[in-house]
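[1] build me a model from this:
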Amino acid sequence: MSMQVLYAPEVAVELADAHDWYENRAVGLGEEFLRMAYAAFEELVAFPEKYEVVYGPHRRALLRRFPYSVYYVVGQHSLTVYGVFHTSRDPHVITEALDNR
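    Here you go, the predicted structure:
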């Protein structure tokens, strides 16, 4: 049985904002950011417990090439992505956001 991937609604906004920021810096860079994000999601499905738990039930994976972290929780049959945050964000802002999702 394959693992279902779920996303907190805020993740779409976070991905779109980062995409737009990078795309405004260089054409194609936003698309590359999204490719790296979705590659990370695929890796998480293949190896859900690869990354350590860092906050409550949340695990953190780093994107390749971009300074972003993916926060996710592994369930019995699902993996839920709760946030995609720039690594320079204040950790308190990140934990507060995760608590409210």
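[2] touching the longest strand anywhere in the chain from outside, list them.
    In the chain, taking DSSP state E as the definition, the longest strand is strand 78-86. Residues from elsewhere that reach strand 78-86 (CB atoms under 8 Å, 6 or more residues apart in numbering): 3-8, 10-11, 14-15, 18, 37, 41, 44-45, 48, 58, 63, 67-73, 94, 97-98, 101. Just so you know, the C-beta spots here come from the backbone N, C-alpha and C atoms, and that holds for glycine as well.
[3] just the buried residues of it, please?
    Of all the residues in strand 78-86, those buried under the rule 16 or more other CB atoms under 10 Å are L79, T80, V81, Y82, G83, V84, F85.
[4] in this structure E31 contacts D20, no?
    No - E31 is beyond contact range of D20, at 11.2 Å (criterion: CB atoms under 8 Å).
[5] excluding its backbone neighbours, what's nearest the residue nearest to the spatial centre of the chain?
    With distances taken as CA atoms, centre = their mean, V70 lies nearest the centre of the chain, 2.6 Å away. Nearest residue to V70 in three dimensions, chain neighbours excluded: A61, at 4.6 Å (CB to CB, 6 or more residues apart in numbering).
[6] helix/strand/coil for that neighbour?
    Three-state call for A61 (DSSP: H, G, I helix; E, B strand; the rest coil): strand.
[7] before we move on, which element is the residue nearest to A18 when sequence neighbours are not counted in?
    Residue nearest to A18 in three dimensions, not counting chain neighbours: F33, with 5.6 Å by CB to CB, 6+ apart. Assigned by DSSP states H and E, F33 belongs to helix 29-46.
[8] need the contact partners of that helix.
    Contacts for helix 29-46 (CB under 8 Å, 6+ apart): 2-3, 5, 15, 18-24, 50-51, 61, 63-66, 68, 70, 72, 79, 81, 84.
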